[in-house]
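K.L.:
what follows is a predicted protein model with its sequence.
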Amino acid sequence: MPGAKITALGCHVPPGVLTNQDLEKLVDTNNQWILDRTGIVERHIAAPDVATSDMAVAAARCVLAQRGIRASEIDCIIVCTVTPDMMFPSTACLVQHQIGAAGAWGFDLVAACSGFIYGLTTGASLVMAGTHKKVLVIGADTMSRIIDYTDRSTCILFGDAAGAMLIEPAAEGEGFMGFLNEVDGSGAEALKMPAGGSRMPASADTVARRMHFVKQEGQQVFKFAVRKMYETCRGLLDKHGLTAKDVKLMIPHQANLRIIKATAERLGMSEDQVVINIERYGNTTAATVPLATRDAIESGRLKKGDVVIFAAVGAGFTVGTNLWRWAY
Ligand code: UT7
């Protein structure tokens, strides 16, 4: 069976910045509370005329330029998002058209903060099946469109961004090593956007009751995330006969600095094994993992041959953990 490796990475971060001080003017919060409880200093917010497909296209174009390929060479586009441009058609269709990926099929993948890791698992599987040569996985979310900026418990957390990676065939021992993904739907109520679907279609009443915004039971999600990020990382390492010392970097979903630190500590990983950039971007949902990977590459912390573990917990609950040997 052929392997699968990541051969290029591109990101798009919108220029607009929302600082903790800006949020102090919107809700009853303060810089110190946000820093202490989350580690976030600022997040980027898309301009009103920018939608998820626009950021996804920008990230996709970075990947194409970096790899030096034409869009027509892409076989499949997977857009991981919970903030599609619209309910349908999928954002993947809009991206396919915009970049001119004439030979590609594609679809949206809904797994919230674990989305990009599910996308990587799916993309690697398509390549390893031998049926695909170039799969473009994009994580893109315009969270600011579904955040209630009168709710201090959620509005401080999220930002907007997109990131993309290209997956291609690899020799044995290169690239994708394995995954441990799970869902636990018993946690569905803890983090959701209640209205706008078939259960609670949009109406004047759902708008008046602010049901088209993210609702979160913060502590419940926090406890689940700390437990599951650790358990699945541990489980995946054990499955491959690896210890934390064999991993060059853990690249975790950036939801809360305390969740990341607790996970690293329980795994016995030192600070220099963990990538953290939550202070600059907040939680960008499906885009955090590619954004953090880009930062690790640019700062010289991630090099060819290094073993990385990607890990995330998100709404659903979804849990995603992947092991990759970095290939470029
Ligand atoms: O990526 C998707 C997955 N999502 C996550 O992983 C998020 C997981 N959860 C969290 O990160 C944390 O639960 C939060 C950051 C959302 C909240 O932190 P916490 O330490 O769990 O705070 P809390 O909800 O227990 O609230 C503590 C206090 C409360 O006041 P009282 O009841 O003690 O008087 C809150 O009302 O802090 C209050 N509070 C705030 N105070 C100032 C809540 N939000 C704020 C705020 N500024 N923005």
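P.N.:
Yes, it's here. None of these values were measured; they are calculated from a predicted model. Numbering: from 1, shown residues only.

K.L.:
hmm, the helix or strand encompassing Ala124 touching the ligand?
P.N.:
Assigning secondary structure by DSSP states H and E places Ala124 in helix 115-128. No. Counting by C-beta under 6 Å from any ligand atom, the ligand is not contacted by helix 115-128; separation bottoms out at 10.5 Å. Glycine gets a C-beta too; all of them are placed from N, C-alpha and C.

K.L.:
what does the stretch 1-150 of the chain put close to the ligand?
P.N.:
For the stretch 1-150 of the chain, the residues in contact with the ligand (C-beta under 6 Å from any ligand atom) are Thr29, Trp33, Arg37, Thr38, Cys113.

K.L.:
which of those are buried?
P.N.:
When those are checked for burial by 16 or more other C-beta atoms under 10 Å, the buried set is Thr29, Arg37, Thr38, Cys113.

K.L.:
closest one to Glu298 out of these, please.
P.N.:
When those are compared for distance to Glu298 (C-beta to C-beta), Cys113 comes out closest, at 22.6 Å.

K.L.:
ok, for that closest one, nearest residue in space, not its chain neighbours?
P.N.:
Setting aside the residues directly before and after it, Cys113 is nearest to Gly314 in space (C-beta to C-beta, 6 or more residues apart in numbering), at 2.9 Å.

K.L.:
tell me the pLDDT at that neighbour?
P.N.:
The score at Gly314 is 98. That number is its pLDDT.

K.L.:
show me what contacts it?
P.N.:
If you count contacts by C-beta atoms under 8 Å, 6 or more residues apart in numbering, Gly314 has them with Ala111, Ala112, Cys113, Ser114, Gly115, Leu191, His253, Thr285, Gly320.

K.L.:
those residues in strands, which ones?
P.N.:
Per DSSP state E, strands hold the following members of these: Leu191, Gly320.

K.L.:
just flag the most distant two among the contacts of Gly314.
P.N.:
Greatest spacing in the contacts of Gly314, by C-beta to C-beta: Leu191 and Gly320 (15.0 Å).

K.L.:
so for the two, which residue has more residues nearby?
P.N.:
Each of Leu191 and Gly320 has its neighbours counted (other C-beta atoms under 10 Å); Gly320 has more, 31 against 23.

K.L.:
okay, the more buried one: pLDDT?
P.N.:
Per the predicted model, pLDDT is 98 at Gly320.

K.L.:
which one is it nearest to, not counting chain neighbours?
P.N.:
The shortest distance from Gly320 to any residue other than its chain neighbours is 3.1 Å, reached at Ile117 (C-beta to C-beta, 6+ apart).

K.L.:
that concludes my questions; thank you for your assistance.
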